[in-house]
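J.: kindly generate the corresponding structure for this input.
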Amino acid sequence: MNADRKCFKVLCLRLSPDDRTVAVCAGNKILMLDIESRSILAELEGHQGHVTAAEFCPWQTHIIISVSEDRSFKVWDHHVGSLIYNSPVLTAFPLLSLLIDAKSRQLVTGCANGQLWIFSLVEGHHYRCVTRVSLKKKSESFSRRVESRLCSLPEESQRPCTHGLEKGEEVEASLPILGLAPCDLSAIVSAPCVWGLSSETTSCLWIGSSAGLFIFNLANFELEAVLHYRDFRSLSIHVAGSCAVMSKANDDKAICLLTSLFGRKIVMLEIRVAALVRSQQGHDAGRHLSVLPRTCVGPTSPLCFTTAKESKTPPAPQRQSAGRSTVKDQPLVFHTKVRSSGYASAPHITMFSPKANTRKRGDHSSRRRDGPRCKEYPLESSPPTKLYKQRVLAHGPAAAHCVQYSAGDGQWLACGLANHLLLVFRADLSGTPTVFSGHDGAVSTVCWSHDSRWLLSASQDGTLRLWSLRRAELALCVGKDVFSKPVRSAQFYYVDTFVLLSSGPELQLLKYHIDTCKDEIQRYKQKSRCKRVFRLPTTGRTEITSLSAVNDFYSYLVLTAGRNRTLEVFDLNAGRSAAMTVEVHSRPVHQICQNKGSSFTTQQHEAYNLFATTASGDGIKLWDLRTLRCERRFEGHPNHGYPCGIAFSPCGRYVASGAEDRHAYMYDLGSSTFSHRLAGHKDTVTSVAFSPAAPQRACPETQEEASFGRDFSVLLREGRLPIGNHYWAQCLLSMNWCWTLSEVVYTY
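T.: Presented below is the predicted three-dimensional model:
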């Protein structure tokens, strides 16, 4: 180099993937040096502080990314020496480390206060921020989970906990992220091999800090293992000044090089990765669990109630012998017509008013003939991208709380409103909706039966109502006197055999009977009835905030979420709690959504054990029921205060979510960031639903504006499929301040 050049302290050196170029981070510049000619190819200037780290992009070798003490990162094209992207200031502390993961196409950077920033490098994502993680909070949460697992073990297998604070120890104020390195846990951490969820595609990384080493999972944003320096009494370094970790793929060993912050010491550690991870993981908490039943219904099971009662049929009357048969007390029958005088007939008066909201039988039959054919749901469908239709539902100040397609055929769409009404539309939003009235409070839950004949609704008035779709009338009402606490969630269960609900801290099972008598004179008499056959409290008697169970096929398991942020699995065949995990989210879960598929799809049997949970301000987590382990976390949709709903697509490839920024978000199970952001709403999207028969989705919305009058609108989204002439439609419910019926259509 020339003698007149200033001397700067070199903080980082990186070789290009082809080993021809080296990047030297000196001062606020990046010098690109050619190894063969030993000449400077380019000088990349633009940072306002010292460049602390730089990395070459593995799939685009002409791209290099750098971080600096100016608290930003920059993307360069070092072949032409130009700046491609300049990020805003991320934090108040300098950025110290950088890593580019080729599997997930993500950029990971850490700063001096222990914050980990993750950005997407996928083409078209424009370097969007996926999530931000506090290493200190993750470490504290991981320690509590490990302690809860140790306490649940038998006494002979319990190990002393080393994560608690001893006398004289102080809590680390912050955990500066000194270094990042890839970590291969494919042979240790198992994941379900469905829709991109597998151990081969799951990326992990080493995080080197001043107080310890951490293994971080980039799929679920959780810690897999923690190694504190203070736990090793023989280690001379308890506070590190710099850290570097190296591990090879499919190798159980990792080498860590530490330097002391308060002295001239260097220590090299050899770590057995498999032993470290397995010592801090759960011990097969849910390996015996599966949504698909593996055993028959037990004789003492609550699910055996119907079999025991209905199998007792009255004995057939015995025929009398011909010799003993005599004519006794037989009515007198005239075989010719006798004309009445008419004096004894009652006067013609109107005793009952005609039923409202009835449909003609011809119209009903024609709809069934014109409905969707029983074709296989396209598993390779694409999510919606264009707005197709908008429909106003109701006028006045009311909110949409829930929406659901009919489970069996997908021909109907039910919407629960805050104005005490329940509306049922055709799936294509055509025609006049059927109005179900009778609740005295906002309708909070709607659920269809498996045969799409009955509709279940729960309201804030404390009642549970079951409606007949064909007659458009109330079939059964369960009042407040039956439940000690308000009903938070309710659904049909065990292929329409029971009604499953949560009331306070209890899980209740109701057996119901619907009178289908068509006698118009006797229809005012309530002959439908229900009976509570089983009730089960949660562990600790905490209030249930959400529940979920499969109704499309026979399954014994019920998932519940508690107010204390726990997730508990109940086995109703055994009539007890089967498994429980703590600290599912940072806030109470407001919805559990299972991958139930539909009658028109066939998924891998492992996929039915996937379910998702969501909480305000804490994103969406994807779980595997067999291990009760979070496999992936979805971040990117703003949801800080309102409980926005989620839904699985029938093909099992996508998870849809509402958001507070007036958009609906679509996530692919193989990626932690959203794939599509769907506009068209004017307020918070509160709930989403997929059609089981055709690729369709529905979403309600809520709005708070200082205007007079509020109404609901339904937005229908449609996108072409790569297979056949099917369509991907999305129906969006919203509460928009307007008084006119509007319809918006976008072309391809």
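
J.: okay, CA-based contacts and neighbour counts for the rest of this
T.: Fine.

J.: alpha carbons of stretch 75-93, as PDB, please.
T.: Extracted C-alpha coordinates of stretch 75-93, given in PDB (Å, rounded to 0.1, in the frame of the first residue of the first chain):
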ATOM      1  CA  VAL A  75     -25.400  -3.700   1.100                       C
ATOM      2  CA  TRP A  76     -22.700  -3.200  -1.500                       C
ATOM      3  CA  ASP A  77     -21.900  -4.400  -5.000                       C
ATOM      4  CA  HIS A  78     -18.100  -4.700  -4.700                       C
ATOM      5  CA  HIS A  79     -17.600  -5.500  -8.400                       C
ATOM      6  CA  VAL A  80     -18.600  -2.000  -9.300                       C
ATOM      7  CA  GLY A  81     -18.000  -0.400  -5.900                       C
ATOM      8  CA  SER A  82     -21.600   0.900  -5.500                       C
ATOM      9  CA  LEU A  83     -24.000   1.000  -2.600                       C
ATOM     10  CA  ILE A  84     -27.200  -1.000  -3.100                       C
ATOM     11  CA  TYR A  85     -29.100  -0.500   0.100                       C
ATOM     12  CA  ASN A  86     -28.600   1.700   3.200                       C
ATOM     13  CA  SER A  87     -30.600   0.700   6.300                       C
ATOM     14  CA  PRO A  88     -31.900   3.300   8.800                       C
ATOM     15  CA  VAL A  89     -30.400   3.500  12.300                       C
ATOM     16  CA  LEU A  90     -31.600   0.300  14.100                       C
ATOM     17  CA  THR A  91     -30.700   0.900  17.700                       C
ATOM     18  CA  ALA A  92     -28.900   3.200  20.100                       C
ATOM     19  CA  PHE A  93     -26.000   0.800  20.400                       C
END
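
J.: mean confidence for it?
T.: Average pLDDT, stretch 75-93: 95.

J.: do the same with stretch 507-526
T.: Averaged over stretch 507-526, pLDDT sits at 78.

J.: same check, this time on stretch 556-565
T.: Summarised as a single mean, pLDDT over stretch 556-565 is 96.

J.: please apply the same query to stretch 443-450.
T.: The average pLDDT within stretch 443-450 is 94.

J.: which residues does it contact?
T.: Outside stretch 443-450, the residues that touch it by CA atoms under 8 Å, 6 or more residues apart in numbering are 401-408, 414-422, 454-460, 488-492, 495-496, 551-552.

J.: then stretch 39-52?
T.: Contacts of stretch 39-52 (CA under 8 Å, 6+ apart): 11-12, 25-34, 66-70, 76, 78-82, 95-97.

J.: keep only those of these that are in helices.
T.: For the contacts of stretch 39-52, not one is inside helices, with DSSP state H as the criterion.

J.: so of these, which ones are in strands?
T.: Using DSSP state E to define strands, the subset of these located there is 11-12, 25-26, 29-34, 66-68, 76, 82, 95-97.

J.: buried ones from the residues you listed, can you make that a PyMOL selection?
T.: Those of these that count as buried under 16 or more other CA atoms under 10 Å are selected in PyMOL with:
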select buried, resi 12+25+26+29+30+31+32+33+34+66+67+68+76+95+96+97
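
J.: from the centroid of the chain, which residue is nearest?
T.: In the chain, the C-alpha closest to the average C-alpha coordinate belongs to Ala612, at a distance of 3.0 Å (CA atoms, centre = their mean).

J.: distance check, that residue against Leu464.
T.: Per CA to CA, to the nearest Å, Ala612 is found 26 Å from Leu464.

J.: now His590
T.: Here the criterion is CA to CA. By it, His590 lies 20 Å from Leu464.

J.: what about these two, which has more around it?
T.: Neighbour comparison, His590 and Leu464: the larger count goes to Leu464, with 24 against 21 (by other CA atoms under 10 Å).

J.: tell me the pLDDT of that one.
T.: In this model, Leu464 is scored at 94, pLDDT.

J.: that one bridge partners, please.
T.: Beta-bridge partners for Leu464, by DSSP bridges, are Ala458, Val478.

J.: Leu180: which element?
T.: Leu180 belongs to strand 177-183 when elements are defined using DSSP states H and E.

J.: whatever helix or strand comes next after that strand to strand 177-183, inter-axis angle?
T.: Counting by DSSP H and E, the element after strand 177-183 in chain order, helix or strand, is strand 204-209. Strand 204-209 runs at 160 degrees relative to strand 177-183, counting by axes from the mean of the first three to the mean of the last three CA atoms, to 10 degrees.

J.: show the subsequent helix or strand relative to strand 204-209.
T.: Proceeding N to C from strand 204-209, the next assigned helix or strand is strand 212-217, under DSSP H and E.

J.: apart from its neighbours in sequence, what residue is nearest Asp251?
T.: Leaving out its chain neighbours, the residue that sits closest to Asp251 by CA to CA, 6 or more residues apart in numbering is Asp184, at 7.9 Å.
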